[in-house]
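Trainee: My questions concern the predicted model and sequence given below.
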Amino acid sequence: MKGTNNILLAGFGGQGILFAGKFLAYMGLLSGKNVSWLPSYGPEMRGGTANCSVIISDDPVGSPIVSRPDTLIVMNLPSLDKYEDAVVPGGKIFVDSTLITRKVRRTDVEVHYIPSTKLADENEMGTLANMIITGKMVKEVGGFELGDIDKTIDKIVSARRENLKTINRKAIDLGFSYAE
Amino acid sequence: MTEPVLMKGNEAIAEAAILAGCRHYLGYPITPQTEIAAYMAKRMPKVDGVFLQAESEIAAINMVIGVASTGRRVMTSSSSPGVSLKSEGISYLAGCDLPALIVNVQRGGPGLGGIQPSQSDYFQALKGGSHGDYRNIVLAPASVQEMAALTVKGFDLADKYRMVAMILADGTLGQMMEPVSISEPEAASTEKPWALTGTDCKRAPNIVNSLYLEPDALERTNIERFKKYALVEENEVMYEEYLMDDAELCLVSFGITSRIAKNAIVAAREMGIKAGMIRPITLWPFPKTALLAAADQCRAFISVELNMGQMIEDVELAIRCKKPVFLCNRTGGMIPTPEDVLAKIKEVNKIGGAQA
Amino acid sequence: MIVFQKPKSLTDVTLHYCPGCTHGIIHRLVAEAIDELGIQGKTIGVAPVGCAVRAYDYFDVDMAQAAHGRAPAVATGIKRADPSKIVFTYQGDGDLAAIGTAETVHSAARRENITVIFVNNAIYGMTGGQMAPTTLPGQITQTSPYGRDVAAVGYPMKVCELLQNVDGAAYLERVAVNNVKNVKAAKKAILKAFKNQVDGVGFSLIEVVSTCPTNWGLSPVKALGWLEENMLPYYPLGVYKDITAKEESK
């Protein structure tokens, strides 16, 4: 990644949107970038909408609020409806095509459809659709070393939960190598 | 400095407080500052400290008064409606000349308001949110790193001047994560001969008190206390100047909005508009001198804030109304985009203001 | 031979209380308890808002002066900061049972290891005789000029009875200082309330049924009689809770 990446992740509460954002922010930090992570917060702890702004930049981060993302990850339809038009021309949209059946209407953006929820189910990765779609995003946006992924997982998953590390790594790999 | 880690602003405040030697936290849950209480609940028992969830904000601030009376570093935190409840205690802290750190992670108001970020407690923090003649030192961090650094600074200033230091943050800064390095500050030891430690039957009793029934005694006490405030104004002003060398338009903004303003200033300069910013880091003492100096250089000022226009009054006072001051604001938990601020810069640039 | 002596834990400052007011006796009992336990040098008191607001001038120990009703919270802060100190509050009925009810109940619930001296004289004294949470039904005060009408303003607060049901409360006793026998019992209770703290027993509150001759509009002697005839039937004396007694009987 060169310059600045303004990433917005959105979906339902409980889909791991904030965790995926944290993964990206930490990966940026570990590769020497300036980063910020800002969650939406509200009274709904589960099932409400969740979104999260992540900025990864060569420059110090100004506003941490991503209102015009160049990278959008959406994991439910309301999020696509809400943020599709906010993406900058030439930006990238990553759609969980298991949960969102409509297509992106914009023609000036690059779109990737990943059935990440279905892939998670098929591969017994339960709730890790977030990491599958994030893996795909990391691949398409580029700029990271594969080693960064391992370092990041080491950092954000507790050392006491080795099995979680393995499965998170597998989920990211699955998305990373997913061919549309 | 330690290796940077990603931390929420709220957590950075809590960890920095512990490193600054604070071993007593008394609080009450309220969004969006609850992570401070949660972090303290986890950490304090591990450092032989005290975490206590009080029955109310009122009880919490009075427990703070109790701990502060013994001379120990102490803090509480809350969000806007909770700080209103603490206001009585803040006046007592001032009247008793007790040091304490109070954190306000602001949300929209008035009333129960909302839970999204705001800067609408500016008046409350600076203009006597409680009764009586008093001041609080008010620190306005603009990043997670500053949340930590100003927490440490706040404890030092509170001890040095025996007064309340308040961190005036907002929901965004509390909730966002950024890399932060927190290292143990040098121990700032302040003698506290006034503290309640028990007389040991060796000295006259110490009394922590704000009651003066004789008006001349109360007047004398207040005048003495304001000499201390004058010293704070003389010595402790902190601000950041951003691209001010050749600036013709001066934005004034603190906390989260100052970051949005920076994006807008960069964009304005790309269009050839010479904008800059003075960012108060201490809201009290307010950077009056720097602003007044900028009034000779700039054509106009723009106060960018998350309220209906509160700091703008201090900007106008500081520059003695020499130049026009415009307001760029959102309120109720809404946050302007850099584009919104840029639009205001363009508008003000066009109408010009007075010639420099 | 010395037959009468001021307790060491009282200063030489002249008390400002009205003639016949029982605060003086209660101050003395508190100071005697502190002297007898040998804890003067490590005692920290918290004065209320109310007639006893200037208690910080009278007790010869470190003192804090708290906002109205907040003394138990201030005391909590002091005790948590330095558990080796003996911390007491001295509060009136408006302070403890109206504006500070939450602080009272919750410091009891936490079994905060503090000693609370609660002076109940059924009226707001310092502000000039208004209705208190403990004003008796029918009692005339400045703000109940036709007598306390329970249908309109509710019933008096019985603090010991209320706190009896709070698990955290360790020792609750109601005493009076209207005659020598009761003063002696009050002394014993106050001493125990302080000793409990030394022993780490936890929240101990002594309610002292007291007079306010000035605002009751009675002579000091008649006020003592009024207390006996009107207050004691409504506020029966005795031990309301004592967890140390249970331990002793085991």
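Mentor: Sure thing, it's come through.

Trainee: alpha carbons only for contacts and neighbour counts from here, please
Mentor: Will do.

Trainee: quick one: buried residues of stretch C:129-139?
Mentor: Within stretch C:129-139, the residues scored as buried using 16 or more other Cα atoms under 10 Å in any protein chain shown are C:G129, C:Q130, C:M131, C:A132, C:P133, C:T134, C:T135, C:L136, C:P137, C:Q139.

Trainee: Quick check: the farthest pair among those?
Mentor: C:G129 and C:P137 (15.4 Å; Cα to Cα).

Trainee: helix, strand or coil for B:V252?
Mentor: strand (DSSP: H, G, I helix; E, B strand; the rest coil).

Trainee: Just give me the neighbour total for it.
Mentor: 26 (other Cα atoms under 10 Å in any protein chain shown).

Trainee: is it true that it touches B:I281?
Mentor: No - applying Cα atoms under 8 Å, one finds B:V252 not in contact with B:I281, separated by 11.0 Å.

Trainee: Any regions of chain A where pLDDT drops low?
Mentor: A:1-2, A:42-47 (pLDDT under 70).

Trainee: any idea how far B:V180 is from chain C?
Mentor: B:V180 sits 30 Å away from chain C, going by Cα to the nearest Cα, to the nearest Å.

Trainee: in the sheet, who's paired with that residue?
Mentor: In this entry, B:V180 is beta-bridged to B:V5, by DSSP bridges.

Trainee: how near is it to chain A?
Mentor: 11 Å.

Trainee: Ok, B:A54 next?
Mentor: 22 Å.

Trainee: ok, and the closest non-adjacent residue to that residue?
Mentor: B:A60 (5.2 Å; Cα to Cα, 6 or more residues apart in numbering or on different chains).

Trainee: pLDDT at C:E248, what is it?
Mentor: For C:E248, the model assigns a pLDDT of 59.

Trainee: Count the residues that sit near the residue lying closest to A:I100 once chain neighbours are set aside.
Mentor: Spatial nearest neighbour of A:I100, chain neighbours left out: A:L77 (5.3 Å); criterion: Cα to Cα, 6+ apart. Residues lying near A:L77 (other Cα under 10 Å) number 18.

Trainee: quick one, phi psi at A:L77?
Mentor: Per-residue torsions, A:L77: phi -60, psi -50 (degrees, to the nearest 10).

Trainee: Distance check, it against A:G91.
Mentor: 19 Å (Cα to Cα, to the nearest Å).

Trainee: Can you tell me which of the buried residues of stretch C:129-139 is closest to B:P338?
Mentor: After measuring the buried residues of stretch C:129-139 against B:P338 - Cα to Cα - the closest member comes out as C:P133, at 56.6 Å.

Trainee: got the contact list for the closest one?
Mentor: Residues near C:P133 by Cα atoms under 8 Å, 6 or more residues apart in numbering or on different chains: C:D93, C:G94, C:A97, C:A98, C:A122, C:I123, C:Y155, C:P156, C:M157.

Trainee: now B:N235
Mentor: Counting by Cα under 8 Å, 6+ apart, B:N235 has no contacts.

Trainee: Need the pLDDT of it.
Mentor: 98.

Trainee: Not including adjacent chain positions, what is the nearest residue to the residue in the stretch 101-250 of chain B positioned nearest to chain A?
Mentor: Chain A sits closest to B:M176 of the stretch 101-250 of chain B, with a gap of 4.3 Å, by Cα to the nearest Cα. Distances taken as Cα to Cα, 6+ apart place A:L38 nearest to B:M176, at 4.3 Å, with adjacent residues excluded.

Trainee: Tell me which residues touch that neighbour, please.
Mentor: Contacts of A:L38 by Cα under 8 Å, 6+ apart are A:C52, A:S53, A:V54, A:P64, A:I65, B:T172, B:Q175, B:M176, B:M177.

Trainee: Give me the neighbour count for the last one.
Mentor: By that I understand B:M177. For B:M177, the count of nearby residues is 29 (other Cα under 10 Å).
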